[in-house]
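[1] Return a 3D structure for these sequence lines:
(2 chains)
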Amino acid sequence: MVRFLIKRLLHALVVLWVVASLTFFLLHITPGGPFDRERRLPPEVLANVAAKYHLDEPWWNQYTRYLTGIVQGDLGPSYKYLDRNVRDIVADTLPVSASLGIFALGFSLALSFPVGLIAAYYRNSWTDRFCLFIATLGISVPTFILGALLIWLFSLQLGWFQAGRWGDINSAVLPTATLGAAPAAYLSYLLRSAILDTLGEDFVRTARAKGLKETTVLFKHALSNSLIPVLTVLGPLTAGLVTGSFVVEYVFAIPGMGRFFITAVTDRDYPLIMGVTLVYTALLVGANLLVDLLYSFFDPRIKAQ
Amino acid sequence: MPHALRIAGRCALALSLVILFISCRPSSEVASDKVVRVNLGTEPPSLDWSVATDHVSFNVIANLMVGLTEFDRDLKPGPVIARSWDVLEGGKRIVFHLRDDVLWSDGKKVRAQDFEYSWKRLLHPKTASEYAYILFDIVNAEAFHRGKIDDHRLLGVTAKDDRTLEVRLRHPASYFLSITTFEVTYPQRQDIIERYGAKWTEPENIVTNGPFLLASWKHEDEIQLRANPRFFLGRPAIERVDMYMINEKTTALALYEQGRLDFLDNHSIPIFEKPRLVKHEGFRSVPQLRGYYYGFVTDRKPFDDARVRKAFALAIDRTVFPKILHGGEEPATSWIPPGMLAHNVEIGVRYNPAEARRLLREAGYPDGKGFPQVTLGYNTDEDHKIVAEAIQGMWKQNLGVLVRLENQEWKVYLSKLQSDPPHIFRLGWGADFPDPDNFMRLFTSLSGNNNTRWKNRRFDELVDLAAREWNTQKRVQLYNEAQKILCETDLPIIPLFTTAESTLLRPRFAGLEYNSMSRLVLRDVRLKNSQ
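    All right, here's what the predicted structure looks like:
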């Protein structure tokens, strides 16, 4: 187990280095610079700005400075938010995105398990079709449409929930539902098909033949053995949810990290783009590692391998 | 499978109860009477006025600070911290006399040395201020910024004593007083900046002198300002300003309609909602000192011929813009915007398709025949697309020329304007300070922002003469002549319209001003029934 962990951690470091380098080089070949403005800066002013951020140095100097900074935990200054550095920005915004992501994950799990179970158990009935219809809707309706619809219905028409901003439980309901809807639908689908597969297995037939109660068959035998595909997607899904969603944070005015995946690119805020990309990669790698460890817990066959 | 169903049912019931419980909370906050809530749109990139460059930052700074002067309703600089000033040596030396009763928020007096420090900091190469050039008229300022001079004592800005600030200029500059209205020239406290470094703008560190104090700053979310009881012009009538950072316009409008916001501007009003909101009591459209224009790359065929450029200008019916953009745009044929000194509606070419066709024929392209393929470039944006398509249609109809449209992401577009510009390009220009020099200098030969590559020695000369001239009437005459060259004879650009800011203020408030420089002025906001 320890060897496995060390191997995976080394893999993770390589992945982080590759992502960091790719981001760095892609950004530097993208047309348009961080200080290109409608009001073009005089050359002498631009020279001082470039010197401040070491943009006047050769690329390999910038690259080594950037990698050294990462190793030391310094993600550099933001080119857009001049009074703050990237570490401050991530520290301020990641907890908000993570809270919203965890709420959304909880919401999608709470919704997908009963829906998946019911749909699988009543397969091909109207209940199943209804569940599938709702799930298809959840996957196919774009987040920005769903967000706007929820605001219109629950904030403007019914006046139940706050239309935007982040603070209390009331303000968290609509963004949680918006962010969690698509994963809930996707997980329901996945769970339904996994349970259907498991219900056809020999051990389920044996369990039923032994006269076990249907609930025991379903929860103890079928459900627990259907969790592997769900676990597989849960890793990247969690990483995606906790690092924030541009659309949901934008629509609901949530001070999270997700918005920077887009705005930092349009601003050409190189350090911020690289910072949020690295944080996302680290979380993704971490979540996948955790999932791998959980596999062996849920399925002893994997541990044996 | 009734048991599983029961469990699922219980989950659903529990979820519904949670939703019901949460939704039973009051749906809108009951705002205190003396709190006004506005939407900034985004996080201010910086509250350090030496490095801030954007209107969001300046909208906060303008309520935290005051400077030497501020412009009045006629856009002339009037006294604030400067009680008066003397213009000496034909305009090459200006001596500001400061008031004695202006206090910083920590109780210390604002002194001339605070201005000297701030201006020198703005110019220092290490500050890397993007607005450093705004003070390049000061003796040795440019050399100091370039690092050619290290000794800051050689700069032409000196505090003679606590109440006297002397500024020496390289040449007379009649617009210089207007520059002192600009936030980047506001005073700063050397002790505070040196003590806290980059964190000096955080609420617990910052020291200001304006009508409000920075009470809190939750990044990406909210800024709270509190009335400054020591403000020398009197404590503001409202106690607190909450400034939210809501990017999405429909969300901001929904919060306004829920009673959670009191003021919206263009950054918070969706364009499709304007026709409905115009009827609201608190709706206003405020003309801005911001011009929108199309420029020609004049060193390339076919727009190296002034007749072709003029034909394209004559073929545009500018009256359509307010109808298609719904933003209160003011069609413009000349460059200096309404409200600014030397604005002149008589200057420029008006819609005249017959004359346009004649000129194009004279240039060798009868009915557009033989006209090369040309491209009109703009940055990706719905409004710019609407304008470009409307103009494309007019040129096709009036000149027989089909122009190709090409849009690009903003930064890519800006970089392409320098490396490989389209034949015709879209740009805008907003005033930094309310003086025509700020607009006219844009198209002089040496201007880094003159993307047209057009050069006219007489135009340059007129702009320089007007800058050195202190007599207002003579300045207007000089600018009239320059504008005729720019907008009637040479036409390297086609001015299209000036923009307006749509604002919506909750009717129980009054006195909130959105001035023509896009600044949100909050110090006179009051409840309507109070004095």
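
[2] CA atoms for contacts and neighbours, from now on please.
    Noted.

[3] Centroid-nearest residue for the chain?
    Just going to use chain A. Nearest to the geometric centre of chain A sits A:Gly240, at 0.8 Å (CA atoms, centre = their mean).

[4] try again with chain B
    For chain B, B:Gly430 is the residue whose C-alpha lies nearest the centre (CA atoms, centre = their mean; 4.8 Å).

[5] For it, which non-adjacent residue is spatially closest?
    B:Arg290 (4.2 Å; CA to CA, 6 or more residues apart in numbering or on different chains).

[6] does whichever residue of chain A sits closest to chain B belong to a helix or a strand, and which?
    With CA to the nearest CA, the shortest gap between chain A and chain B falls at A:Tyr81, namely 4.1 Å. Under the criterion DSSP states H and E, no helix or strand holds A:Tyr81.

[7] ditto for B:Asp86
    strand B:82-88.

[8] Who are the packing partners of that strand?
    Packing contacts for strand B:82-88, counted by 3 or more CA pairs under 8 Å, 6 or more residues apart in numbering or on different chains; DSSP states H and E, involve strand B:93-98.

[9] Would you mind writing the CA trace of stretch B:272-281 as CSV?
    Provided in CSV are the C-alpha atoms of stretch B:272-281 (Å, rounded to 0.1, in the frame of the first residue of the first chain):
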residue,chain,number,x,y,z
PHE,B,272,-33.3,44.2,-23.5
GLU,B,273,-34.8,45.5,-20.3
LYS,B,274,-34.1,49.1,-21.1
PRO,B,275,-37.3,49.8,-22.9
ARG,B,276,-39.2,48.6,-19.8
LEU,B,277,-37.0,50.4,-17.3
VAL,B,278,-37.0,53.7,-19.1
LYS,B,279,-40.6,54.2,-17.7
HIS,B,280,-39.4,53.8,-14.0
GLU,B,281,-39.3,56.9,-11.9
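
[10] touching chain A at all, that stretch?
    No. Shown here: stretch B:272-281 not in contact with chain A (CA under 8 Å from any CA of the partner chain), separated by at least 14.2 Å.

[11] Off-centre distance for that stretch?
    Stretch B:272-281 sits 24 Å away from the centroid of its parent chain (CA atoms, centre = their mean, to the nearest Å).

[12] In that stretch, which residues are buried?
    For stretch B:272-281, the buried set under the neighbour-count rule, 16 or more other CA atoms under 10 Å in any protein chain shown, comprises B:274, B:277-278.

[13] what comes into contact with it?
    Stretch B:272-281 has contacts (CA atoms under 8 Å, 6 or more residues apart in numbering or on different chains) with B:283-284, B:326-327, B:504, B:507.

[14] Do me a favour and average the pLDDT over the helix or strand hosting the residue nearest to the centre of chain A.
    Element membership for A:Gly240 (DSSP H and E) is helix A:227-242. Rounded to a whole number, the mean pLDDT of helix A:227-242 is 85.

[15] Next one: the helix or strand just after that helix, is it in contact with chain B?
    Following helix A:227-242 in sequence order, the next helix or strand is helix A:246-251 (DSSP H and E). Yes. Using CA under 8 Å from any CA, helix A:246-251 reaches chain B at A:250-251.

[16] Which residues belonging to the next helix-or-strand element following helix A:246-251 are considered buried?
    Downstream of helix A:246-251, the next assigned helix or strand under DSSP H and E is helix A:260-266. Within helix A:260-266, the residues that count as buried by 16+ other CA under 10 Å are A:260-261, A:264-266.

[17] could these be laid out in TSV, adding pLDDT and distance to chain B?
    Shown next, in TSV, are those (pLDDT from 0 to 100; distance: CA to the nearest CA, whole Å):
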residue	pLDDT	distance to chain B
A:Phe260	90	11
A:Phe261	87	14
A:Ala264	91	12
A:Val265	89	10
A:Thr266	88	7
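
[18] near chain A, which residues of the stretch 401-531 of chain B show up?
    Residues of the stretch 401-531 of chain B lying near chain A by CA under 8 Å from any CA: B:410-415, B:427-429, B:448-449.

[19] My impression was that B:Asp48 belongs to a helix - is that right?
    No. Using DSSP: H, G, I helix; E, B strand; the rest coil, the assignment for B:Asp48 is coil, not a helix.

[20] B:Val56 versus that one, what's the distance?
    Using CA to CA, to the nearest Å, one gets 12 Å for the distance from B:Asp48 to B:Val56.

[21] Repeat that for B:Val87.
    33 Å.

[22] now swap in B:Glu222 and tell me
    According to CA to CA, B:Glu222 stands 13 Å off from B:Val56.

[23] Need the overlap of contacts for those two.
    In contact with both B:Glu222 and B:Val56: no residue, using CA under 8 Å, 6+ apart.

[24] residues in contact with the closest residue in space to A:Trp166 that isn't next to it in sequence?
    Nearest residue to A:Trp166, sequence neighbours excluded (CA to CA, 6+ apart): A:Ile254, at 5.5 Å. Contact partners of A:Ile254, counting by CA under 8 Å, 6+ apart, are A:96, A:164-166, A:248, B:220-221.
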